[in-house]
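**Student:** Got a predicted structure plus its sequence, pasted below:
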Amino acid sequence: MMSPNGSVPPIYVPPGYAPQVIEDNGVRRVVVVPQAPEFHPGGHTVIHRSPHPPLPGFIPVPTMMPPPPRHMYSPVTGAGDMATQYMPQYQSSQVYGDVDAHSTHGRSNFRDERSSKTYERLQKKLKDRQGTQKDKMSSPPSSPQKCPSPINEHNGVIKGQNASGLSSGSAKNKSGKGKGGAQIDTEIEEKDEETKAFEALLSNIIKPMASDIQARTVVLTWSPPSSFINGETDEITVPDLYGYEILISSTGKDGKYKSIYAGEETSVTLNDLKPATDYHAKVQAEYNSIKGTPSEAESFTTLSCEPDIPNPPRIANRTKNSLTLQWKAPSDNGSKIQSFILEWDEGKGNGEFCQCYVGLQKQFKITKLSPAMGCKFRLSAKNDYGTSGFSEEVLYYTSGCAPSMPASPILTKAGVTWLSLQWSKPSGTPSDEGISYILEMEEETSKRMWLLWQPRKAGFLLQVLEGGVPQSQAEADTGGLEIGGETSGYGFKPKYDGEDLAYTVKNLRRSTRYKFKVIAYNSEGKSNPSDVVEFTTCPDKPGVPVKPSVKGKIHSHSFKITWDPPKDSGGAPISKYVVEMAEGPNGNKWDMIYSGATREHLCDRLNPGYFYRLRVYCISDGGQSAVSESLLVQTPAVPPGPCLPPRVQGRPKAKEIQLRWGPPLIDGGSPISCYGVEMSPVEKDEPREIYQGSDVECTVSNLLPGKTYSFRLRAANKMGFGPFSEKCDITTAPGPPGQCKVPQVTCRSATCAQVPVSNGTDVTEYRLEWGGVEGSMQICYCGPGLSYEIKGLSPATSYYCRVQALSVVGAGPFSEVIACVTPPSVPAVVTCLQEISDDDIEDSHYSPSTCLAISWEKPCDHGSEILAYSIDFGDKQPLTVGKITSYIIDNLQPDTTYRIRIQALNSLGAGPFSHTIKLKTKPLPPDPPRLECVAFSHQNLKLKWGEGTPKTLSTDSVQYHLQMEDKNGRFVSLYRGPCHTYKVQRLNESTSYKFCIQACNEAGEGPLSQEYSFTTPKSVPAALKAPKIEKVNDHICEITWECLQPMKGDPVIYNLQVMVGKDSEFKQIYKGSDSSFRYSNLQLNCEYRFRVCAIRQCQDPVGHQDLVGPYSTTVLFISQRTEPPASTSRDTVESMRTRRALSDEQCAAVILVLFAFFSILIAFIIQYFVIK
């Protein structure tokens, strides 16, 4: 049958036959073949399970059947994939779709020979059309859900969960929407045949068997996949070991399955199942990552059991005397719950429980309890199978009183603008009781005002700053005054109200103290506030310092910078400043050059003409500030340094020399712009400039042959010429003469030799080389002479010499070398003659006043051993010592200068004297001066000694050491210095003190003087306060004054004096020990002035003596007639007396206060009305 439009009409086939749809070049063909046992596209036989039920042989006509559904026209996947969806509806007739269901395990009738040949022919045709495919055994197989192996399908739609147990995902992929059966057939053909055979083998597994079913466990067993299909064995190799996966579902046979086991065992015990629950289990085989189709589902139901453990009861309501509990029912596990059992410990807390309720209700109220009583509860449930376990124990409290006072909050962490606080529950609070907390805060209780003034052209700018301290270091340095005192704050304000035990207070001021307290409350009321605690916020990091500036003049190697503090100190004083410097106008390598508290620094050891960048930052307790703006400074340039001497380029010619040089090592901070070269003959020091320019080479011409010239070089920049270099001697080339004869050497003395020289013809000069080593001789003579006397030689030394003749053409060869030895001589001059310091001398008999210690170095002996040294130190006979290098000259005069020199002696005589040194002996220590007391009082003594001004410079050679005897009889030091006076203070009156003194100079400390004893006198009484005057009547007044205590046993009396009217002198009116006196005979309208003094009556053994103290302040009193009434007159007298009692100091204080008040008022007026 052929269908050009692609649709497949209903096909009715007789029993025992089945159609197969094949697509060829866009045309679908349906081939009707006899019904045969099911087989796979790979040609392998399929295991036969069980025969179909007998099919009726009656074939109904089409009019007897209802129209088939549209699913019927969907293409099938292969031979034998006929569905059984409509089979129960047509028991009396048989059509194509009425074939019994076949599982993926290959249930079918016996396959005959004709069907096998037909299938092989169709398979070959499909391979020819698609081409040879690559072997895919190594590629991973597709999942069993997408595997196109034959399944039991009803016209393309799966009927629920089929017998093979495919998951819902497999059924979704098998739906007959969108793609035709030809595409599925193509995928079947593309699979590797051996992989398909393994899938078929793994799918031939029976369902697992359930045994030992309990309430929460079950044992599942199964058998490996069978390789027998309808009595035949598959051709593939059967593995010895498989992998298995158990799939289980509790939502029905068609529900979702999940994997609960994967392994190689054929038996497993499943745990943690739900009691009284229907389960469906499948097994799926796997080998080498190839999975078969899951088996059929095995159904089983777990047994019922006692209920699950219920959740703990929760509290629904509480009062002071009752608790109401509620709970939820747990799972009954297949048997209805009969009752709930609630137990409690009766509030005893001993762990023993008893029943308080049994029933089906889910709440219960316990009454007759005590306030704040804690009770533990637990709950269990009961059904026909038993009683569940008890729930967790819970502790609930009845309502009580208000919470107790909580502990003070503690600081967990502090910031610049915030404080993190934490507190704990009040002691004895039930764990389940809901308690809320109020955190209250009070700002710092004291505020201060900072009065800041700044100079202006017309006066001072007055500013008032709050907070107690200036906000910046600049404000503090400008000048100010702290005024005001403590003022009350705003009190405690709530900052937090909640149940948390921690809170962070934000938006605070930096470096400020705050007070905190916590209040706990519940439904019963509030607790007492906790103890107040104080915490302080952290200071902030300071602001950026002002850009540094140069102070003074910039030098080539140094300059000084200064800077101002930041405007904002961050609330903490600046501890130090750090200055960083970088070289170059754009340098970024910053090095720290200063760290300290001062605000200026000297930058030294700099290079001239260099650019330097400087910046500064500051550090305080709040942290480190940002760096300031950088300051760019350039040091001035200087003239360049000396150059290296010029060098000859090439060989010197007879009349011309080529010179070359390099730049100086130090350019002075500016590029080199010019060079100058000067030349002078060796025998004449008359330099002249021969070149000036920017080149580094020049040619010097017009020179004489065979003559030596000296050259020196200097460089210049924009600052001028630098110093000259060292001289460089260069000789022009002469003509070479012939070789000279060997010179004859005659030694005249140990240091002089004469060398006659033979000459040839046309010789202009001779060159004599002389040296102590044969291969290292130097030129010692050049000239036309035939002899030369060499001086300054070393005695007993071998010398070598040779001679060379020169002409205008050049130099001839050297003569042969001749050797000579100078005779020995007296020793050389002694060098390094010096004085030995006193600290380096260990001789106990050494005295710097009578001894001098000298040392020297051993000189050269000139071929004869040194035997002794002769020391000459003045008019005396020279002193001869042995072979030593140091000596102490004793028995000298103190404070005397000596000229000392030394010479060495050997067997040939005495060598020359060394240089002369001047040494002076130290003077003898001075004698102690006489000590005397020049001034004294009851608390101090002024002592004087010696002759000199009171203020003597500290550079005086003589120092004085004054000592005083203490309570223990030992003398302690009072003064050490060059002065001749000293004032001893804080002494006791009428006490004797012992003193001694000694003088010191560079020679040492002199002897102590004799003991001197001085005694302090007794003190006079102190000045009394002004006396008080009280009017008794018109002619009598009473004068009172303060009373003094006896002074160290001496009684004190008083002397009262008065000056009447216009008298110029005071008169004594009373002398005695009383502290009051009534003065009579007053005259009306007359002025009286009173004063009083204290007198100390000393009771000395020698005799009686009175010490009069200073008089008190004078008090003025004017007598007036008393006017009635008496009370008014007395008040007038009292007010007059009070007004008259004001002293001069009080009047001055009043005037000063008024002046300060008016000054501040005028400053405010200027600020607000003039400046603004």
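**Tutor:** Everything's here; your move.

**Student:** contacts, neighbours, all on C-alpha from now
**Tutor:** OK.

**Student:** The closest residue to Pro1007 other than its chain neighbours and Pro978: what is the separation?
**Tutor:** Using C-alpha to C-alpha, 6 or more residues apart in numbering and skipping the chain neighbours, the partner closest in space to Pro1007 is Gln998 (5.9 Å). Distance of Gln998 to Pro978, given as C-alpha to C-alpha, to the nearest Å: 12 Å.

**Student:** Please enumerate the shared neighbours of the two.
**Tutor:** Tyr960 (C-alpha atoms under 8 Å, 6 or more residues apart in numbering).

**Student:** Where do the strands of the stretch 451-600 of the chain begin and end?
**Tutor:** Taking DSSP state E, counting those that start in this stretch as the criterion, the stretch 451-600 of the chain carries its strands at 459-466, 480-483, 493-498, 502-505, 513-522, 525-526, 533-536, 549-551, 559-562, 574-583, 591-596, 600-603.

**Student:** tell me which helix or strand of this protein sits lowest on mean pLDDT?
**Tutor:** Here the helix or strand of the chain ranked lowest by mean pLDDT, DSSP states H and E is helix 168-173, holding a mean of 33.

**Student:** Return the distance of Val1153 relative to Ile1162.
**Tutor:** Using C-alpha to C-alpha, one gets 14 Å for the distance from Val1153 to Ile1162.

**Student:** quick one, helices of the stretch 351-500 of the chain?
**Tutor:** 473-478 (DSSP state H, counting those that start in this stretch).

**Student:** quick one on the thing from earlier: which of the strands of the stretch 451-600 of the chain sits most buried?
**Tutor:** strand 513-522 (a mean of 22; mean count of other C-alpha atoms under 10 Å).

**Student:** remind me, longest strand of this structure?
**Tutor:** Criterion DSSP state E: the longest strand present in the chain is strand 1086-1099.

**Student:** what comes up buried for that one?
**Tutor:** 1087-1098 (16 or more other C-alpha atoms under 10 Å).

**Student:** How about stretch 912-925?
**Tutor:** Within stretch 912-925, the residues that qualify as buried by neighbour count (16+ other C-alpha under 10 Å) are 913-914, 919-925.

**Student:** and if you look at stretch 639-658?
**Tutor:** Buried residues in stretch 639-658, counted by 16+ other C-alpha under 10 Å: 639-648, 652-658.

**Student:** Narrow those residues to those in strands?
**Tutor:** Those of the buried residues of stretch 639-658 lying in strands (DSSP E): 647-648, 657-658.

**Student:** between those residues, which is closest to Arg1078?
**Tutor:** Arg647 (117.9 Å; C-alpha to C-alpha).

**Student:** now the closest one: how far from Asp695?
**Tutor:** Arg647 is 14 Å from Asp695, where distance means C-alpha to C-alpha.

**Student:** now do Tyr496
**Tutor:** Taken as C-alpha to C-alpha, the span from Tyr496 to Asp695 is 86 Å.

**Student:** quick one, phi/psi of Gln1167?
**Tutor:** The phi and psi torsions at Gln1167 (degrees, to the nearest 10) take the values phi -60, psi -50.

**Student:** Model confidence for it, exactly?
**Tutor:** For Gln1167, the pLDDT comes out at 84.

**Student:** Neighbours of it, how many?
**Tutor:** Neighbours of Gln1167 under the rule other C-alpha atoms under 10 Å: 15.

**Student:** Buried residues in stretch 824-836, which are they?
**Tutor:** Across stretch 824-836, burial judged by 16+ other C-alpha under 10 Å covers 824-831, 833-836.

**Student:** Identify the residue nearest the geometric centre of the protein.
**Tutor:** When C-alpha atoms, centre = their mean is applied to the chain, the residue found nearest the centroid is Gly623 (10.4 Å).

**Student:** circling back to that earlier point, nearest to Asn891, of the buried residues of strand 1086-1099?
**Tutor:** Among the buried residues of strand 1086-1099, and counting by C-alpha to C-alpha, the member closest to Asn891 is Cys1098, at 62.8 Å.

**Student:** so that closest one touches Lys1048, yeah?
**Tutor:** No: counting by C-alpha atoms under 8 Å, Cys1098 does not reach Lys1048; the two are 9.5 Å apart.

**Student:** could you give the mean pLDDT of stretch 600-620?
**Tutor:** Computed over stretch 600-620, the average pLDDT equals 92.

**Student:** Pull out the buried residues from that stretch.
**Tutor:** For stretch 600-620, burial by neighbour count (16+ other C-alpha under 10 Å) applies to 600-601, 606-620.

**Student:** Equivalent analysis for stretch 893-909, please.
**Tutor:** 893-894, 898, 900-906.

**Student:** repeat for stretch 1011-1030
**Tutor:** 1014-1021, 1024-1030.

**Student:** Which one of those residues is nearest to Cys354?
**Tutor:** Looking across those and measuring by C-alpha to C-alpha, the closest to Cys354 is Lys1025, at 92.0 Å.

**Student:** who touches that closest one in this structure?
**Tutor:** Lys1025 neighbours (C-alpha under 8 Å, 6+ apart): 1041-1042, 1112-1113.

**Student:** is it true that the residue nearest to Pro1007 touches Gly1004?
**Tutor:** No: judged on C-alpha under 8 Å, Gln998 makes no contact with Gly1004 at a distance of 10.8 Å.

**Student:** out of the two, which sits in the busier spot?
**Tutor:** The neighbour comparison of Gln998 against Gly1004 (other C-alpha under 10 Å) goes to Gln998, with 22 against 16.

**Student:** Would you quantify the distance from that one to Pro926?
**Tutor:** 8 Å.

**Student:** shared neighbours of those two, which are they?
**Tutor:** Jointly contacting Gln998 and Pro926 under the rule C-alpha under 8 Å, 6+ apart are 1005-1006.

**Student:** ok, back up a step: which ones among the buried residues of stretch 1011-1030 map onto strands?
**Tutor:** 1014-1015, 1028-1030.

**Student:** Mean confidence (pLDDT) on the helix or strand just after the longest strand of the chain, please.
**Tutor:** Next in sequence after strand 1086-1099, counting helices and strands by DSSP states H and E, comes strand 1104-1108. For strand 1104-1108, the mean pLDDT works out to 84.

**Student:** just for the stretch 701-850 of the chain, where's the confidence low?
**Tutor:** For the stretch 701-850 of the chain, applying pLDDT under 70 flags the ranges 734-739, 748-762.

**Student:** Next: the stretch 101-250 of the chain.
**Tutor:** 101-191, 228-240.

**Student:** do that again at 90, thanks
**Tutor:** The stretch 101-250 of the chain contains residues with pLDDT under 90 at 101-206, 215, 223-243.

**Student:** Lys258 touches Glu245, doesn't it?
**Tutor:** No: contact criterion C-alpha under 8 Å: Lys258 and Glu245 do not qualify, at 9.9 Å.

**Student:** And the strands in the stretch 951-1100 of the chain, which stretches?
**Tutor:** Remark: strands assigned in the stretch 951-1100 of the chain by DSSP E, counting those that start in this stretch are 959-965, 971-977, 981-984, 992-1001, 1004-1005, 1012-1015, 1028-1031, 1037-1040, 1052-1060, 1067-1072, 1076-1079, 1086-1099.

**Student:** Just the closest of the buried residues of stretch 912-925 to Ser670, please.
**Tutor:** Each of those was scored against Ser670 by C-alpha to C-alpha, and Ser914 proved nearest at 49.8 Å.

**Student:** what's the distance between Ala796 and Gly911?
**Tutor:** Taken as C-alpha to C-alpha, the span from Ala796 to Gly911 is 15 Å.

**Student:** between those two, who's got more neighbours?
**Tutor:** Gly911 (23 against 17).
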